[in-house]
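# Pasting the sequence and the predicted coordinates here, then a few questions.
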Amino acid sequence: MHTLAIDIGGTKVSVARIDFIDDAPEFVDVRTVQTRELCQPNTNPTATDMLNWINQACEQVTSDHGTCDAIGVGFGGQFDSQTQRCLKSLHIDGWEDVAIGDFFSAQSSLNGVPIAGINDAKAGALAEATTYAQARPPQRTNEIFAYVTVSTGIGGAIALLAPGNNGVAIMSGQQSLAGEFGHLQVPHPQQSYEVNKCSCGGTACLERVCSGLWIEQRTGLSAQEYLNDEMNFAAWIADFTAGIWSAVTVLDPAVICIGGGMSAMGNRLTSALTQSLGELCSAWGRKPPEVTVAHWGSRSVLLGAALLAREVGNA
């Protein structure tokens, strides 16, 4: 199957042609633009700017590689899976109540091609959980796979590794909001963060304490610069563990997979989080979850969108 995958984020937008050959994905073409490049200097990009670029990029990819069978979209914000509408982006104006069915005009060669969307964290979870399920022993079924994306903000999704044929089911929730790990509370954070509230209204939620955006606003340094200091990193791990521990106690996940920009810390991150979660689990006499980073890295959302496209294309 030939798919087009679209990843709509706050800082970048990507379009990819992904073909499936014997169920294996092949990234044929990937095109990415930074959202700040879509508008004039000293102005902010809008949904219209992003959609114009998406239309142009999709037409170019189709022209270069031929028609596609279906289109998948991973949207970086609140997305209603039932109505297939973008509800809100926390970073870009103009996405309120935009139907993905209206992405392409009647004049577009892609008008009428089956299209389906999902929140970007759920798309990333679909890609990572599917890849993980393909490699797990067949007797391991009905396990929970928690995907946590840690970047400008913190989001997440919950996948059930269902039995049979490497099945994966993404939990949606009543409002398609299941897996909002970023707004779990961090009890007794290392520092006080009471001055500015998070977008959810909290002052000690995981996103407010640990995300890249808030690190930069609080310190004036990028997350990478700030966390290069070992003392800062140790305090950050302590806060991150304290926040994510709530998800561990409620969900009892077999796996916690870290995606997003901060997953680039790799073994430094997984080792520290494995140790800190292990200490908490040991005190309670429970088995700690496996901690991994996203196998597909920055392409997780694109692959998840392509997997969604494959589903709708085969429907």
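Structure received. Residues are numbered from 1 along each chain as shown.
# quick one, phi/psi of Tyr147?
Dihedral pair for Tyr147: phi -110, psi 120, per degrees, to the nearest 10.
# count of residues packed around it?
Per other Cβ atoms under 10 Å, the neighbour tally for Tyr147 reads 33. In this view, the C-beta of every residue, glycine as well, is placed from N, C-alpha and C.
# quick one, helices of the stretch 51-200 of the chain?
For the stretch 51-200 of the chain, applying DSSP state H, counting those that start in this stretch gives helices covering 120-135.
# Low-confidence bits of it, can you list those?
Where the stretch 51-200 of the chain drops to pLDDT under 70, the residues are 137-141, 163-166, 192-196.
# in the helix or strand Asp49 falls within, what counts as buried?
Using DSSP states H and E, Asp49 sits within helix 47-65. Within helix 47-65, the residues scored as buried using 16 or more other Cβ atoms under 10 Å are Ala47, Asp49, Met50, Leu51, Trp53, Ile54, Asn55, Ala57, Cys58, Val61, Thr62.
# Farthest pair within those?
Ala47 and Thr62 (21.9 Å; Cβ to Cβ).
# Packing partners of the helix ranked longest in the chain?
If you go by DSSP state H, the chain has its longest helix at helix 230-251. When contacts are defined as 3 or more Cβ pairs under 8 Å, 6 or more residues apart in numbering; DSSP states H and E, helix 230-251 sits against strand 143-150, helix 206-210, helix 223-227, strand 255-259, helix 267-284.
# Extract the CA atoms of stretch 62-70 and return them as CSV.
Output of stretch 62-70 as CSV, limited to C-alpha atoms (Å, rounded to 0.1, in the frame of the first residue of the first chain):
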residue,chain,number,x,y,z
THR,A,62,2.5,12.7,-5.4
SER,A,63,4.0,14.1,-8.6
ASP,A,64,7.4,12.6,-7.9
HIS,A,65,6.2,9.2,-6.7
GLY,A,66,2.7,8.6,-8.0
THR,A,67,-0.7,8.4,-6.4
CYS,A,68,-1.3,7.2,-2.9
ASP,A,69,-4.0,4.9,-1.6
ALA,A,70,-4.7,6.7,1.7
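# ok, residues contacting that stretch?
For stretch 62-70, the external contacting residues (Cβ atoms under 8 Å, 6 or more residues apart in numbering) are 1-4, 17, 28-29, 109-110, 113-116, 309-310, 312-313.
# and that stretch, how far out from the chain's middle?
Chain-centre distance of stretch 62-70: 25 Å, with Cα atoms, centre = their mean, to the nearest Å.
# What of stretch 167-182?
With Cα atoms, centre = their mean as the basis, stretch 167-182 stands 12 Å off its chain's centre.
# So which bits of that stretch are buried?
Residues of stretch 167-182 classed as buried by neighbour count (16+ other Cβ under 10 Å): Val168, Ile170, Ser172, Ser176, Gly179, Glu180, Phe181, Gly182.
# go on, stretch 145-162?
Neighbour-count burial for stretch 145-162, counted by 16+ other Cβ under 10 Å, picks out 145-161.
# Roughly how far does the residue nearest the centre of the chain sit from Trp53?
Nearest residue to the geometric centre of the chain (Cα atoms, centre = their mean): Ala121, 2.6 Å. Note on Ala121: its distance to Trp53, by Cβ to Cβ, to the nearest Å, is 22 Å.
# And Ser222, by the same measure?
Separation of Ser222 from Trp53 (Cβ to Cβ): 25 Å.
# among the buried residues of stretch 167-182, which are in strands?
Counting by DSSP state E, these place Val168, Ile170 in strands.
# Can you add distance to Glu96 and give the buried residues of stretch 167-182 back as CSV?
Shown next, in CSV, are the buried residues of stretch 167-182 (distance: Cβ to Cβ, whole Å):
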residue, distance to Glu96
Val168, 30
Ile170, 24
Ser172, 20
Ser176, 15
Gly179, 22
Glu180, 19
Phe181, 24
Gly182, 20
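# and which of the buried residues of stretch 167-182 is nearest Val291?
Taking Cβ to Cβ as the measure, Val291 lies nearest Phe181 of the buried residues of stretch 167-182, at 13.9 Å.
# Now the closest one: closest residue in space that isn't a chain neighbour?
Counting by Cβ to Cβ, 6 or more residues apart in numbering, Gly156 is the residue found nearest to Phe181 once chain neighbours are left out, at 3.7 Å.
# Could you do Ala129 as well?
Closest residue to Ala129 apart from its sequence neighbours, by Cβ to Cβ, 6+ apart: Ala159 at 3.8 Å.
# Contacts only, for that neighbour.
By Cβ under 8 Å, 6+ apart, the contact set of Ala159 is Ala125, Leu126, Ala129, Ile144, Phe145, Ala146, Tyr147, Val168, Ala169, Ile170, Met171.
# got a list of what the second one touches?
If I follow you right, that is Leu126. If you count contacts by Cβ under 8 Å, 6+ apart, Leu126 has them with Ile118, Ala157, Ala159, Val168, Ile170, Gly304, Leu307, Leu308.
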